[in-house]
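# From the sequence below, what's the structure:
(2 chains, ligands or ions: 1)
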Amino acid sequence: MTETPMPTAYKDPKLPPPVELPEGPDWVGVLKVFDAHVAETLVVAARTLYPHQDLPERVYRRTVVAFDGLAAKMPAVAQGFAEFVDLVDGAMPVPFRELSESYRVNGLKAIEGTAAFRLVQRTTVRFLYDDIEVWQAFGYEGASAHLGGYVDRGFNDLDWLPEPPPGI
Amino acid sequence: MTKYDLDDSGVVVIVGSGAGGGTLAHELVKRGVEVVLLEAGKHLTADDFVNDEWAGYEMLSWLDKRTASGTWRAAKDHPTAPSWSCQVVGGTTTHWSACCYRFIEDEFRAKTLYGEIPGTSLIDWPFTVADIAPYYELAEAKMGVTRTNGLPGLPANNNFKVMYAGGSKLGYNVSTGRHAINSIPYDGRPATIQDGFTITGDKTGARWSTLAVEIPRALATGKLELRPQSRVTFIEHDAAGKASAVVYVDAAGVTHRQKARAVVLAGNCIETSRLLLHSKSGRFTDGLANGYGHVGRHYLRHIIQTVWSIFDKPVYMHRGEIMGGMIDDFVRHDPARGFAGGYYIEMNSMGLPTTAAFLDPGWWGRDFVSVIEQYRNMAGIFMSGEDMPQPGNRVTLGDELDAFGVPVANLHYDDHPNDLKLRVHGYKTLSAIHAAAGAKRSIEAPSYPASHNLGSNRMAAKAEDGVLDGNGRAWEVPNLFIADGSTFSTGGACNPTLTIVALAIRQAEFMAGRMAAGEL
Ligand SMILES: Cc1cc2nc3c(=O)[nH]c(=O)nc-3n(C[C@H](O)[C@H](O)[C@H](O)COP(=O)(O)OP(=O)(O)OC[C@H]3O[C@@H](n4cnc5c(N)ncnc54)[C@H](O)[C@@H]3O)c2cc1C
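Have a look, this model is predicted:
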């Protein structure tokens, strides 16, 4: 995307690392609540909502693993995800996950006002952009206190604008 | 560890350990008063905190459900969390970004200065800037506010360089501003390491909080008993109509009744109004101290909004203290602008997780993606401006009960035309500053959940106009006080916490004086 390389992103050392998922379709094996169809439909929905060309499939999958974690804790949330899948699958004679992009986008637009859409959209933002691989891709460095903060690591290294006077 | 008996009616009971309650506790015990401090949240330490936006949010925030109504965006974007504060020892001072500005003289006489504005319930404060100035000085010294008491300002960071380039090109007065964050070591606390995570707890103590400063010092006097994980559910009064005890539920779910000589509520606006409204009795049928119906009304939350802009080159706005920039050209009331009141321009930065969440909740698709992918080239600029008090903007109790049997609060807020004019003016100014620095695109983000919660139990010169007198004492209950932002008569433009702290010091002096005189 840009010429200069992205700096390294760090997760706070006190927090668990991202879940390891198998690369193939058996990634759904880690799920507690969702079946494969629900999970794959939600992956496609997350990518339709936030279609980052260069992000690998696994970050969208990890997002859906996080959805599954919520669903396991809260039956009402599990219900919401199930409703979402029914809604998007019912709109066309082809399952949502097999639709072309314009049909997927229009299908989502048509249900924007529903609680199920809102749940999926908000929860995607919550978890997709909290993924360290996404941080790394877009230049967010994350945790810093364990590295001494940014005081000696570039908090004032912007050099393409005039330097403000000292003590300003 | 000092312990007071539940039947000890000689103690002052404070509810809430944040900016108001934590400061007041320290200021009272310093004066020899015996205090029980009840706090709903846990007592965490710097070691518990994490450098992680969502994990920190979940660790510190007040997450109990609320509901919202009215024309404000929060009702749509954040319908069950319209207001943002913390539930932890130290309250929202564990989380705040520590901008510290004083109200200016005019802001204490909003009614007189602005005149009649239809739909508003403006009043003047029951005191003047001269009355509070000495307490502002004490607060600034206590908090180590930069650019006071010989302390240098925070150094310019990347996001500030953008703000400075644009603001100075347009002829504005730009500085890094004033913060309760150490630019150099002060008061036994270190200088900032610019980790960019004051909002998840502050692991070094470079920023003032009641958790890091007031509460440990208050405990060291031996006069304070802090009871964390103690959720207050009711305030009782005696036959004479004086507050006599506070009912609370501990971590194990056991209900207790702590007797009190005086009660001070400092639960942050919504919770304080909710407690008063809920504490109904035969004598106070509409809630404690609510004879004139002002409890919960005139709720204010400032005109807060951010503009996020994309530049050609990297900014890395997340590096360093997040609000280290300020422009004061729009602070003064200027009728020529077509609206009442003013605003401060400040800086804002967020990490990728919360930038994505607050950019425009509900926004999705390729356009959003094209913006957020440029996160590292983004800069943020923010404003805090005065909103108009309206009697219908208020905290009320709903039908649903929380886990403690207290009704869930509803927060109603309709934007006043003056608020909308100020918003538009502000967005244009913020975007113009970034444009002057070379922004390719600017996004006008809506307000996030209310972070400056004010006015819903206001001080007024007359009982007919507000819940409290000029010392934050309830007109109708002579030993009941409030020490949080809900006491504000009007909102002013600046971030409220310095004023909350100054008022708490002043209130402690008043209370200790009355006690010494045998009148409290
Ligand atoms: C994102 C963000 C950034 C901010 N940045 C700034 C800034 O830069 N400058 C500024 O001036 N202000 C800032 N603020 C606002 C500032 O945090 C508040 O103004 C201030 O903390 C309010 O103080 P308070 O005493 O009213 O309440 P709080 O500090 O919120 O403390 C209230 C305490 O009461 C407790 N409590 C509530 N109800 C009960 C109950 N029933 N029983 C027991 N305990 C109870 C709560 O758990 C909490 O700990 C910011 C706020 C947010 C959310």
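# Pick out the residue closest to the middle of the chain.
No chain was given, so I picked chain A. residue A:128 (1.5 Å; C-alpha atoms, centre = their mean).
# hmm, I had chain B in mind actually
residue B:452 (4.4 Å).
# Contact partners for that residue?
B:300, B:301, B:302, B:304, B:384, B:485, B:491, B:495, B:496 (C-beta atoms under 8 Å, 6 or more residues apart in numbering or on different chains). In short, each C-beta sits where N, CA and C put it, glycine included.
# before we move on, what about residue B:276?
Taking C-beta under 8 Å, 6+ apart, one finds B:235, B:265, B:287, B:288, B:289, B:290, B:295, B:296, B:457, B:467 in contact with residue B:276.
# count of residues packed around whichever residue of chain A sits closest to the ligand?
The nearest approach of chain A to the ligand comes at residue A:126, 17.2 Å away (C-beta to the nearest ligand atom). For residue A:126, the neighbour count with other C-beta atoms under 10 Å in any protein chain shown is 18.
# Which residue, neighbours along the chain excluded, lies closest to residue B:419?
Closest residue to residue B:419 apart from its sequence neighbours, by C-beta to C-beta, 6 or more residues apart in numbering or on different chains: residue B:387 at 5.0 Å.
# quick one: that neighbour and residue B:420, what's the gap?
Distance, residue B:387 to residue B:420, by C-beta to C-beta, to the nearest Å: 10 Å.
# neighbours around whichever residue of the stretch 401-520 of chain B sits closest to chain A, how many?
Here the stretch 401-520 of chain B gets closest to chain A at one residue, residue B:437, 6.6 Å apart by C-beta to the nearest C-beta. Counted with other C-beta under 10 Å, the neighbours of residue B:437 add up to 24.
# Let me see the contact set for it.
A:161, B:162, B:163, B:165, B:166, B:169, B:309, B:311, B:379.
# Among those, which are located in helices?
B:162, B:163, B:165, B:166, B:169 (DSSP state H).
# Going along the chain, name the helices of chain A.
A:36-49, A:57-73, A:75-90, A:101-110, A:115-128, A:132-138.
# hang on, the earlier thing: setting aside sequence neighbours, what's the nearest residue to the residue nearest to the centre of chain B?
Closest residue in space to residue B:452, ignoring its immediate chain neighbours: residue B:302 at 4.2 Å, by C-beta to C-beta, 6+ apart.
# I figured residue B:353 hits residue B:56, correct?
No. The pair residue B:353 / residue B:56 is not scored as a contact, 10.2 Å apart, by C-beta atoms under 8 Å.
# Those two - which one has more neighbours?
The neighbour count for residue B:353 versus residue B:56, taken as other C-beta under 10 Å, is higher for residue B:353 (24 against 19).
# Assumed that one was part of a strand.
No. Using DSSP: H, G, I helix; E, B strand; the rest coil, the secondary structure at residue B:353 is helix, not a strand.
# show me the contacts for residue 144.
No chain was given, so I picked chain A. So residue A:144 contacts A:10, A:150, A:153, B:51, B:195, B:196, B:197, B:319 (C-beta under 8 Å, 6+ apart).
# The chain in question should be chain B.
Contacts of residue B:144 (C-beta under 8 Å, 6+ apart): B:151, B:180, B:181, B:182, B:186, B:187, B:189, B:208.
# And it, what's its pLDDT?
Confidence at residue B:144, expressed as pLDDT, is 98.
# Kindly provide the distance from the closest residue to it other than its chain neighbours to chain A.
Closest residue to residue B:144 apart from its sequence neighbours, by C-beta to C-beta, 6+ apart: residue B:186 at 4.3 Å. Per C-beta to the nearest C-beta, to the nearest Å, residue B:186 is found 16 Å from chain A.
# Residue B:260 now?
Plainly put, residue B:260 is 39 Å away from chain A if you go by C-beta to the nearest C-beta.
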